[in-house]
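Undergrad: Provided below for reference: sequence and predicted model.
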Amino acid sequence: MITFVGAGPGAEDLITVRGQNLLKKADIVIYAGSLVNPGLLSVCREDCRIYNSAKMTLEEVLDVMVQGEAQGKETVRLHTGDPCLYGAIREQMDALEQREIAYEVCPGVSSFCGAASALHAEYTLPGVSQSVVITRMAGRTPVPERESIRSFAAHQATMTVFLSAGMLEKLSEELILGGYAPGTPAAVVYKATWPDEKVLRCTVGTLAQTAEEAGVTKTALIVVGRVLEGEYERSKLYDPSFTTGFRKGDRTDG
Ligand code: SAH
């Protein structure tokens, strides 16, 4: 069996229990070495064969999986965060399906959740924003024009921007052109949950300068939105006057 496993954002104990159990019994592990903390592999068996996919092509990764499968091995394909985001897992799953090889997916804690924990942030604050945009700047991988940063910025929802730490001047420009005031709170979260995590609070207008001063050029997530500042309305869910399926409120009209 082949299992795609989300490694979590970085800290060794932020993989799921299921993911760690799969690592413990794996015969073969192929891990995304550019972002997965190698410390996660300390639970692997001594005879486990470990490959770093940062140095491999898709074809080479598939060869390891296919050969492992032919020998009845347990293979873990370890991706950073949750594999459903920018994980390039679809092409691997499709290739396995073509070969009629069974696989499963074990989710992980995405880095945008790791960044929220580092920031002590709630991305969905009543009266501020109830949506989170997960996006990226176009790089070598293009982004469809209708999903431009500028068009998302027009919503003033919370935004988490992946894979863009090297393009912060342009990101600021796009956010501002889309309608965010330059003074809107923002943050650069470098290596969220790793031991060398850095949380840099700034504004939409100072993203590039902030990252440069801290020497951050990669492995960072950009968070933008008024949820990073003070004001919001308290929740309805925990309001004493609000009746829910589990609790009767002290007011009947709400
Ligand atoms: N599947 C991953 C994302 C992979 S794309 C996930 O769910 O998090 C790689 C990008 O993710 C990086 O360029 C960076 O923007 C972000 N990233 C991954 N790990 C991170 C971390 N620990 N801290 C901040 N950003 C991180």
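TA: Thanks, I have it.
Undergrad: what does the chain have sitting close to the ligand?
TA: Counting by C-beta under 6 Å from any ligand atom, the residues of the chain lying close to the ligand are 9-10, 35, 79-82, 85-87, 110-111, 114-115, 162-163, 189, 191-194, 219-221. For the C-beta atoms, the positions are set from N, CA and C on the backbone; glycine is no exception.
Undergrad: 5 Å instead?
TA: 9-10, 80-82, 85-87, 110-111, 162-163, 191-192, 221 (C-beta under 5 Å from any ligand atom).
Undergrad: any stretches of the protein with poor pLDDT?
TA: In the predicted model, the chain carries pLDDT under 70 at residues 251-254.
Undergrad: in this protein, where's the longest helix?
TA: Criterion DSSP state H: the longest helix present in the chain is helix 58-70.
Undergrad: following the chain past that one, name the next helix or strand.
TA: The element immediately downstream of helix 58-70 (helix or strand, assigned by DSSP states H and E) is strand 75-79.
Undergrad: who does that following strand pair up with?
TA: strand 2-6 (parallel), strand 28-31 (parallel) (DSSP bridges).
Undergrad: mind giving me the packing neighbours of the helix or strand just after the shortest one?
TA: So that's strand 28-31. Per DSSP H and E, the first helix or strand lying C-terminal to strand 28-31 is strand 49-52. Packing contacts for strand 49-52, counted by 3 or more C-beta pairs under 8 Å, 6 or more residues apart in numbering; DSSP states H and E, involve strand 28-31.
Undergrad: ok, and what's touching the strand it packs on?
TA: Strand 28-31 has contacts (C-beta atoms under 8 Å, 6 or more residues apart in numbering) with 7, 23, 38, 40-41, 44, 48-53, 56, 61, 64-65, 68, 73-78.
Undergrad: just the buried residues from those residues, in PyMOL please.
TA: Only the buried entries of the contacts of strand 28-31 go into this PyMOL selection, using 16 or more other C-beta atoms under 10 Å:
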select buried, resi 7+23+40+41+44+48+51+53+56+61+64+65+68+73+74+75+76+77+78
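Undergrad: check contacts around whatever residue of the chain ends up closest to the ligand.
TA: Closest approach of the chain to the ligand (C-beta to the nearest ligand atom) occurs at Gly81, with a separation of 2.0 Å. Residues counted as contacts of Gly81 (C-beta under 8 Å, 6+ apart) are 6-9, 35, 87, 108-112, 114.
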